[in-house]
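Engineer: sequence and predicted structure are below.
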Protein chains: 2
Amino acid sequence: MPKPRTHPRPTTQRAAKPLSGRASDPESSADTRARLIEAAGEEFAAHGFAEATVRGICERAGANIAAVNYYFRDKETLYLETLRHAHRYSLEHYPHDGGLKEDAPAEDKLRAFVRAFLAKMLDPNRPGWHGRLISREMTEPTPALTLLIEEGVRPQFAALCAIVRKLAPSLKADRIEAGAASVIGQALHYHHCNSLIKRLYSERVDGFPFDLDFLTDHITQFSLSAFEGLESKATSRRPGRTS
Amino acid sequence: MPKPRTHPRPTTQRAAKPLSGRASDPESSADTRARLIEAAGEEFAAHGFAEATVRGICERAGANIAAVNYYFRDKETLYLETLRHAHRYSLEHYPHDGGLKEDAPAEDKLRAFVRAFLAKMLDPNRPGWHGRLISREMTEPTPALTLLIEEGVRPQFAALCAIVRKLAPSLKADRIEAGAASVIGQALHYHHCNSLIKRLYSERVDGFPFDLDFLTDHITQFSLSAFEGLESKATSRRPGRTS
DNA sequence: CCGAAAGTCAAACATCCGTTTGAATCGGAC
DNA sequence: GTCCGATTCAAACGGATGTTTGACTTTCGG
């Protein structure tokens, strides 16, 4: 019987099956689907969508080659699902406000934002691939998926713009957005050019310049000073010389 | 006769041959090798190393599929050669100092640096792929080639650090390097997250926020204000509060 | 002219990839 | 125990890619 086998998609909720397919293999007791997503995340984050191979993902997950097409339809659906997972995870941990109160001073809010943003990418916990995956999607977006990302990025950007507006209320709208981009750009830089920076700073001591506290402090102070100066120049009628 | 044909590598200098291989084809009079590099640059910059296909490159160059393996050994050597070409081109145009005199004020030097850096990437001239290729190499470096890039990046970074040191002489070395990274990060941001930014700012008028003059002005002022503030805080004995 | 080298070309080769297939295996319900 | 659906498995399929091959064409020195 041919039976098209159009991606069975294990009914609806397959969480009810805590079972394994192999009795002898102890680690196979974990959910294959979850292991696949975890493995896919690392592979996709490390090599990108095109260069990551289904075989490599399955091998890392300890699953058969056909597992990807069984649990997900394609490699692309697996990628989408992995991205969704990363997005959800990133949203749960690392909230925009960093757990600050609404009426907190803008300076503290900026510091919390920067710290959360940095922590999101600079190897936060074990997984570590969530941030890399998302930022990779920023650099070279795959069709339509970026729309999902946008839903996470746009509110974050808006929140940052609100903070900036409080720090430098005299700035015009385009300057505020540019200022927000400057903050994000600084933070993102250490992620995008990670490998290059590591080589540039190679003569540094063991602690790379990737220390979360140091970077948070620097970027926050740098940006606060910048907004301070821009605001004072904007309020004075004629933007005088530096001195 | 089998004749291994180990990549003939057209003797040593093949510039002495101004000839074509096809008399009827007019555009084939141009150097096939040069056309290949040009086509490869656009393809590599647009799709990355892995996703760019030799067939696509040859088709764009109007050459046969075997041309890549004839003039270069592999796809990888072609990539390396293309990268070298981009590096050389980028070094000729867009000099570090932006054509400024040695004794120019640090503020002007910073502005010139930022402008040259931005212009290098933000679609400067017709080719346009040089900057994209190099920055792609920064994000996901291919082995060993980055060493060549470093030879172009490290002096540029050192030059920027020298400028920053003049702007804020009281800062410690690590803070100076972090400040330089902040400047570069801001500029690079508009290149890395190009597509994402375009969507974020989509409600903006026709002129995207990618205007060279606007960006140069913003990043320069932002950074100058930042260094100013950092310096004044560093000189005062106790780094007081923001106000 | 001739003959070797440089260059071009269509076709094929080898390899890898994503995906499909059909059988084997497992767990649990009856 | 027996059957059924869910799951795993090895093998193969079809396509795309980088590369090679061998013949053909052009060029130019002698």
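Structural biologist: Yes, it's here.

Engineer: list the buried ones in stretch A:155-165?
Structural biologist: For stretch A:155-165, burial by neighbour count (16 or more other Cβ atoms under 10 Å in any protein chain shown) applies to A:156, A:157, A:160, A:161, A:163, A:164, A:165. Placement of C-beta: from N, CA and C, glycine included.

Engineer: got those residues as JSON lines, with pLDDT and secondary structure columns?
Structural biologist: Formatted as JSON lines, those follow (pLDDT from 0 to 100; DSSP: H, G, I helix; E, B strand; the rest coil):
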{"residue": "A:156", "pLDDT": "87", "secondary structure": "helix"}
{"residue": "A:157", "pLDDT": "90", "secondary structure": "helix"}
{"residue": "A:160", "pLDDT": "94", "secondary structure": "helix"}
{"residue": "A:161", "pLDDT": "95", "secondary structure": "helix"}
{"residue": "A:163", "pLDDT": "96", "secondary structure": "helix"}
{"residue": "A:164", "pLDDT": "97", "secondary structure": "helix"}
{"residue": "A:165", "pLDDT": "97", "secondary structure": "helix"}
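
Engineer: so which of the residues you listed comes closest to residue B:228?
Structural biologist: residue A:164 (18.3 Å; Cβ to Cβ).

Engineer: was I right about the closest one contacting residue A:224?
Structural biologist: No: in this structure, residue A:164 is not within contact of residue A:224 by Cβ atoms under 8 Å, at 10.6 Å.

Engineer: give the residues shared as contacts by these two.
Structural biologist: Common contacts of residue A:164 and residue A:224 (Cβ atoms under 8 Å, 6 or more residues apart in numbering or on different chains): residue A:110.

Engineer: skipping adjacent residues, who's closest to the residue most central in space within chain A in space?
Structural biologist: Centroid check for chain A by Cα atoms, centre = their mean gives residue A:131 as the closest residue, at 2.8 Å. Distance criterion Cβ to Cβ, 6 or more residues apart in numbering or on different chains; nearest residue to residue A:131, sequence neighbours excluded, is residue A:121 at 3.7 Å.

Engineer: for that neighbour, what are its contacts?
Structural biologist: Residue A:121 touches A:131, A:132, A:135, A:187, A:188, A:190, A:191, counting by Cβ under 8 Å, 6+ apart.

Engineer: out of these, who has the most neighbours?
Structural biologist: Using other Cβ atoms under 10 Å in any protein chain shown as the neighbour test, those are led by residue A:187, with 25 neighbours.

Engineer: can you list the domain ranges for chain A.
Structural biologist: Here the domain parsing of chain A from automatic domain parsing is A:30-85, A:93-235.

Engineer: rebuild the ones you listed as TSV, extending it with distance to residue B:92.
Structural biologist: Listed next are those as TSV, based on distance: least, Cβ to Cβ, whole Å:
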stretch	distance to residue B:92
domain A:30-85	31
domain A:93-235	22
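
Engineer: which of the ones you listed has the lowest average pLDDT?
Structural biologist: For the domains of chain A, mean pLDDT drops lowest on domain A:93-235, to a mean of 83.

Engineer: related to what we said a few turns ago, of all the domains of chain A, which lies closest to DNA strand C?
Structural biologist: Distance to DNA strand C, taken as Cβ to the nearest atom of the strand, is lowest for domain A:30-85 among the domains of chain A, at 2.9 Å.

Engineer: does DNA strand C have contacts with that closest one?
Structural biologist: Yes: applying Cβ under 7 Å from any atom of the strand, one finds domain A:30-85 touching DNA strand C at A:52-56, A:65-66, A:68-69, A:73-76.

Engineer: now for these: which two are most distant?
Structural biologist: Top of the distance list for the residues of domain A:30-85 next to DNA strand C (Cβ to Cβ): A:56 and A:73, 18.9 Å.

Engineer: re the thing from before, against residue A:191, how distant is the residue nearest to residue A:131?
Structural biologist: Per Cβ to Cβ, to the nearest Å, residue A:121 is found 4 Å from residue A:191.

Engineer: next: residue A:154.
Structural biologist: 19 Å.

Engineer: quick one: residue A:183 and residue A:110 touch, right?
Structural biologist: Yes: between residue A:183 and residue A:110 there is a contact under Cβ under 8 Å: 7.4 Å.

Engineer: who touches both of those two?
Structural biologist: A:164, A:223.

Engineer: okay, these two: which has more neighbours?
Structural biologist: residue A:183 (29 against 22).

Engineer: now do the host helix or strand of that one: distance to the chain's middle.
Structural biologist: Using DSSP states H and E, residue A:183 maps to helix A:173-192. Centroid separation for helix A:173-192 versus its chain: 15 Å, with Cα atoms, centre = their mean, to the nearest Å.

Engineer: which element follows it toward the C-terminus?
Structural biologist: That would be, after helix A:173-192 and using DSSP H and E, helix A:194-200.

Engineer: other SSEs contacting that next one?
Structural biologist: Judged by 3 or more Cβ pairs under 8 Å, 6 or more residues apart in numbering or on different chains; DSSP states H and E, helix A:194-200 is in contact with helix B:145-167.

Engineer: find the nearest non-adjacent residue to residue A:223, please.
Structural biologist: The spatially closest residue to residue A:223, leaving aside those adjacent along the chain, is residue A:183, at 5.0 Å (Cβ to Cβ, 6+ apart).

Engineer: measure the one you found to residue B:182 for me?
Structural biologist: Using Cβ to Cβ, residue A:183 is found at 10 Å from residue B:182.

Engineer: now for residue A:121 and residue A:191: what residues contact both?
Structural biologist: A:131, A:132, A:135.

Engineer: so which of those comes closest to residue B:102?
Structural biologist: Closest approach between those and residue B:102, by Cβ to Cβ: residue A:135, at 38.6 Å.

Engineer: residue A:45 versus that closest one, what's the distance?
Structural biologist: 9 Å.

Engineer: I appreciate the help and will end here.
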